[in-house]
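J.: Pasting a predicted model and its sequence here:
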Amino acid sequence: MTYTPVDDAFDSSITARPGAADYPGLDDWRTLPVKQQPTWQEHRGYSAAIAELSKVPPLVFAGEVDILRSRLAAAAQGEAFLLQGGDCAETFDDATADKISARVKTILQMAVVLTYGASLPVIKMGRMAGQFAKPRSSNDETRSGVTLPAYRGDMVNGYDFTPESREHDPARMVRAYHTSASTLNLIRAFTQGGFADLRLVHHWNKGFTANPAHSRYESLAREIDRAVRFMDACGTDFEALKRVEFFASHEALLLDYERALTRIDSRTGFPYDTSAHFLWIGERTRDLDSAHVDFLSKVRNPIGVKLGPNTKPEDALALIDKLDPEREPGRLTFITRMGAQNIREKLPPLVERVTASGAKVLWVTDPMHGNTVTSPNGYKTRNFDDVMDEVRGFFEVHNALGTFPGGLHVEMTGDDVAECLGGADPVDQEAFVEGYESVCDPRLNHMQSLEMAFLVAGALSR
Ligand code: PEP
Ligand code: MN
């Protein structure tokens, strides 16, 4: 699977035509209530940053976005599975070749295991190349009696706890664009240049099962090994399997940035937000009459919405009416993040009502955000067992209702960090002191991510 050249993909010219006259309704969001935005409109660099972003080349092509929509449509119909993973918050400093490649590698490793388990194509998507802005529960942070603006992601301000660093600086949007461009460039090189060879990815996975802690996954690993050797014996064209599609996504939080990167595609005449293939609206900004929902209703990209445990079926139906009035499979993904305690009770009424309405949304589980706790020694963490319990609950609910559990959305990294508790080779809270690197939410480390893939594959293949 490679990016099939779309007719005139390059002629889609996606020309920069900034300004309100772009497309009817594209600026309506400016008149609506908007949450979680930086206070930088008065900053002297604001207009220059917006003007620059309005003319830079797109990060993704409209044709690729259309391909993704068709892949997600297949998933919504039970014919593919979505794997979406990456940092809670990317940082400029960590946009290094080593860290980016480790994350892509881990997602590819997980995808091979899931492809086998589901016997379905797995759509690979990073929370990468743009995940630089965070919603926060408080505008401020106080440390030792000093109060400063909260860290809102590298696209807004710095993590260092100083007044200079915490100032909202619009020039950071331009840096986020360039960092996204170089990240995406590396991702494209890895996934198109031979790095994604199925045999190589499978070989990396052998390193995982070589750890005695993971011996219980050996039989599945052996099955995959036999399948790869069988394919080889059949004369499979592994050359063709050296390239994989890989899509970029992030939370569309900063509407200044998303609007400035929106272009009219001359092929179709529709606006595309060219900052990423897929954009989602977070749990805190998904009010029906909000600026976020309005803006994303106007772009052609596939859109996700996070749904927490307080979501009412009426909210979900109203979001469908607004974001997917045509009921187009692939357009809308609901990413549920209920918490392991809630999912078996809260998810069924949503799924039932949405299904009864005739809408074809893709259901994905985010088993991270409803399971955040503070460790006794003071770190924001998640228990691997809770995360897995929510994943299991998600499958149980969909299996019981006859709907398709279409994907997995996880905060993970390719590095050997210590941020989430547990796993077969367990991380304990003492390890956080040296190994906790996230500037926001805790991520599954490399081994925990693979373990999750093996567990989910085991459940899928049953
Ligand atoms: C996130 O995905 O990092 C996030 C903030 O999620 P949610 O909107 O589900 O809280
Ligand atoms: Mn997060």
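T.: Good, I have the coordinates. Ligands and ions are numbered 1, 2, ... in the order given.
J.: quick one: pLDDT of the residue of the chain found nearest ligand 1?
T.: When scored by CB to the nearest ligand atom, the chain has residue 282 as its residue closest to ligand 1, at 3.0 Å. Backbone N, C-alpha and C define where each C-beta goes, glycine included. pLDDT recorded at residue 282 is 98.
J.: Confirm for me that it is in contact with residue 251.
T.: Yes: with contact taken as CB atoms under 8 Å, residue 282 and residue 251 are classed as touching, separated by 5.1 Å.
J.: Need the residues touching each of these two.
T.: Listed as contacting both residue 282 and residue 251 by CB atoms under 8 Å, 6 or more residues apart in numbering are residue 135.
J.: which one is residue 303 nearest to, not counting chain neighbours?
T.: residue 296 (5.1 Å; CB to CB, 6 or more residues apart in numbering).
J.: Can you report phi and psi for the one you found?
T.: Taking degrees, to the nearest 10, you get phi -70, psi -20 for the backbone angles of residue 296.
J.: any idea how far it lies from ligand 2?
T.: 19 Å (CB to the ion, to the nearest Å).
J.: Now do the contacts for that residue.
T.: With CB under 8 Å, 6+ apart as the criterion, the residues that contact residue 296 are 252, 273, 279, 281, 303, 323.
J.: on that earlier part again, neighbour-wise, which of residue 282 and residue 251 wins?
T.: Using other CB atoms under 10 Å as the criterion, residue 282 and residue 251 rank with residue 251 on top: 28 against 22.
J.: The more buried one bridge partners, please.
T.: Each beta-bridge partner of residue 251 is listed here: residue 280, as defined by DSSP bridges.
J.: one step back: ok, the residue of the chain closest to ligand 1 - contacts?
T.: 36, 135, 251, 253, 306.
J.: Now secondary structure and pLDDT too, for those, in TSV please.
T.: Putting the contacts of residue 282 into TSV (DSSP: H, G, I helix; E, B strand; the rest coil; pLDDT from 0 to 100) gives the following:
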residue	secondary structure	pLDDT
36	coil	98
135	coil	98
251	strand	98
253	coil	98
306	strand	98
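J.: can you list the residues you listed in CSV and add distance to ligand 2?
T.: Shown next, in CSV, are the contacts of residue 282 (distance: CB to the ion, whole Å):
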residue, distance to ligand 2
36, 13
135, 9
251, 9
253, 12
306, 10
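J.: Stretch 443-461 and ligand 2, any residue contact?
T.: No: using CB under 5 Å from the ion as the criterion, no contacts between stretch 443-461 and ligand 2 are found, and the smallest distance is 8.7 Å.
J.: where does the protein have low pLDDT?
T.: Judged by pLDDT under 70, the chain has its weakly predicted residues at 1-22, 462.
J.: how about a cut-off of 50?
T.: 1-20 (pLDDT under 50).
J.: Return the backbone torsion pair for the residue nearest the centre of the chain.
T.: Residue closest to the mean C-alpha point of the chain, counted by CA atoms, centre = their mean, is residue 127 at 3.6 Å. Its backbone dihedrals place residue 127 at phi -80, psi 70, with angles given as degrees, to the nearest 10.
J.: tell me the SS of the closest residue to ligand 2 within the stretch 351-462 of the chain?
T.: Minimum separation of the stretch 351-462 of the chain from ligand 2 (CB to the ion) falls at residue 441, amounting to 3.5 Å. Taken by DSSP: H, G, I helix; E, B strand; the rest coil, the conformation at residue 441 corresponds to coil.
J.: Residue 305 - that's part of a strand, no?
T.: Yes: counting by three-state DSSP, residue 305 is found in a strand.
J.: I'd guessed it sits against residue 319; true?
T.: Yes: the pair residue 305 and residue 319 passes the contact test of CB under 8 Å, sitting 5.7 Å apart.
J.: Please enumerate the shared neighbours of the two.
T.: Counting by CB under 8 Å, 6+ apart, the common neighbours of residue 305 and residue 319 are 286, 332.
J.: quick one, strands of the stretch 351-462 of the chain?
T.: Using DSSP state E, counting those that start in this stretch, the strands of the stretch 351-462 of the chain run over residues 362-365, 373-374, 380-381, 405-411.
J.: which helices and strands does the longest one pack with?
T.: Which is strand 405-411. Contact analysis of strand 405-411 by 3 or more CB pairs under 8 Å, 6 or more residues apart in numbering; DSSP states H and E lists helix 62-76, strand 81-86, strand 122-127, strand 332-336, strand 362-365, helix 384-401, helix 446-461 as its packing neighbours.
J.: which other helices and strands contact the host helix or strand of residue 100?
T.: Using DSSP states H and E, residue 100 falls within helix 97-118. For helix 97-118, the contact count by 3+ CB pairs under 8 Å, 6+ apart identifies strand 81-86, strand 122-127, helix 171-192, helix 198-209, helix 218-233, helix 446-461 as packing neighbours.
J.: Include distance to residue 147 when you put those into CSV, please.
T.: Shown next, in CSV, are the helices and strands packed on helix 97-118 (distance: least, CB to CB, whole Å):
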stretch, distance to residue 147
strand 81-86, 31
strand 122-127, 30
helix 171-192, 22
helix 198-209, 45
helix 218-233, 51
helix 446-461, 35
